[in-house]
Structures are given as C-alpha cells and as structure tokens.
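**Student:** Need a 3D model of the sequence below.
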Amino acid sequence: MRRTLLTSLFIIAFVGVCSVGCYKDVISPGSDPNGPPQFVSFSGDLIPLFNAHCNSTGCHDAGPAHAPSLVPEKAYNAIISGGYVNTAVPNSSKLYTVVQTGSMPPTGALPANNAQLILDWVRNGAPNN
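**Tutor:** Numbers count the residues shown, from 1 in each chain. Just a heads-up that it's a prediction; the model follows:
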C-alpha cells in the first residue's frame with residue numbers, strides 16, 4: 001500500500017514538473033520588429049500608403065521635389081535603384097528609418113504599424129508584388 005502511494009505521488013510530481021516546463025511562445029507576424037515578418041504587398045499595401053501620405057503632397061510625386069518618386073508607376077524602381085532599401089540589414093533601410101523615426105512625412109509621424117509594413121516588406125526581400 002505504501003509503495004502504491006509513493007508511486008502515485010512520484011507520478012503526480014513528475015507530471016507536475018513536466019507540465020511546468022512546457023512553454024509555447026507565440027509571436028504574431030508583424031507584431032515584433034524582430035519576429036517573423038508578415039506578408040506585405042508592394043502594390044496592395046505600400047502604394048496606398050504612399051498615395052495617402054507621400055506622393056499627394058507634392059514632395060514625392062511624378063516630378064518629385066524630393067527623391068524618390070513614390071507615384072505607383074515609378075515607386076518600385078525609384079526605391080530599389082535609389083538605394084532606399086537594404087535587404088541585408090532591413091532595419092537600416094532609409095525607407096524604413098525615415099518613417100520609423102517620424103522624420104517623414106513632414107505632416108506628422110505615421111502609425112507604428114505603417115512603419116512595420118515597410119520593415120516587413122524589406123525583410124521579405126523587397127519584392128515587386
């Protein structure tokens with residue numbers, strides 16, 4: 001009887017220790033700058049962002065007062081050829097840093113989730129999608 005009681009206590013203690021050791025870390029894509037990047041479409045996510053905040057103000061339009069041109073037909077080539085993205089070190093991409101620090105747009109900082117979209121797009125290899 002005593003042996004059965006000790007065995008039962010040992011099993012309960014063992015299961016307790018094992019269950020405390022179990023941990024599942026869940027990081028949602030796009031919620032952490034160092035976590036897994038979310039899927040970002042250049043044409044579906046970034047172009048609307050540029051249209052709303054960058055190319056309609058006269059700064060980054062078709063004949064831009066400030067490079068790069070962020071109108072839909074020129075934006076991708078202007079960003080890539082102008083060296084505004086660094087896929088090797090995405091956090092140092094100029095396109096990301098100016099939005100993340102709040103220095104662009106001059107009308108006021110964009111919400112953090114917009115900067116995260118840009119970062120995730122660069123982290124995904126800056127595809128023309």
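**Student:** Give me the below-cutoff pLDDT ranges for the protein.
**Tutor:** In the predicted model of the chain, residues 1, 6, 9-10, 13-33 satisfy pLDDT under 70.
**Student:** Go ahead and confirm residue 96 touches residue 119.
**Tutor:** Yes: using Cβ atoms under 8 Å, residue 96 is in contact with residue 119, at 4.9 Å. Any C-beta I mention is one placed from the backbone N, CA and C, and that applies to glycine too.
**Student:** Now the common contact residues for those two.
**Tutor:** Residues touching both residue 96 and residue 119 (Cβ atoms under 8 Å, 6 or more residues apart in numbering): residue 90.
**Student:** Please name the nearest non-neighbouring residue to residue 83.
**Tutor:** residue 94 (7.2 Å; Cβ to Cβ, 6 or more residues apart in numbering).
**Student:** residue contacts, that neighbour?
**Tutor:** Residue 94 sits next to 83-86 when contact means Cβ under 8 Å, 6+ apart.
**Student:** can you tell me how far it sits from residue 47?
**Tutor:** Residue 94 sits 18 Å away from residue 47, going by Cβ to Cβ, to the nearest Å.
**Student:** And residue 78, by the same measure?
**Tutor:** From residue 78 over to residue 47 (counting by Cβ to Cβ), the distance is 12 Å.
**Student:** what do you get for residue 41?
**Tutor:** Relative to residue 47, and taking Cβ to Cβ, residue 41 is found at 9 Å.
**Student:** again, but for residue 75
**Tutor:** Separation of residue 75 from residue 47 (Cβ to Cβ): 6 Å.
**Student:** Neighbour count: those two, which is higher?
**Tutor:** residue 75 (22 against 18; other Cβ atoms under 10 Å).
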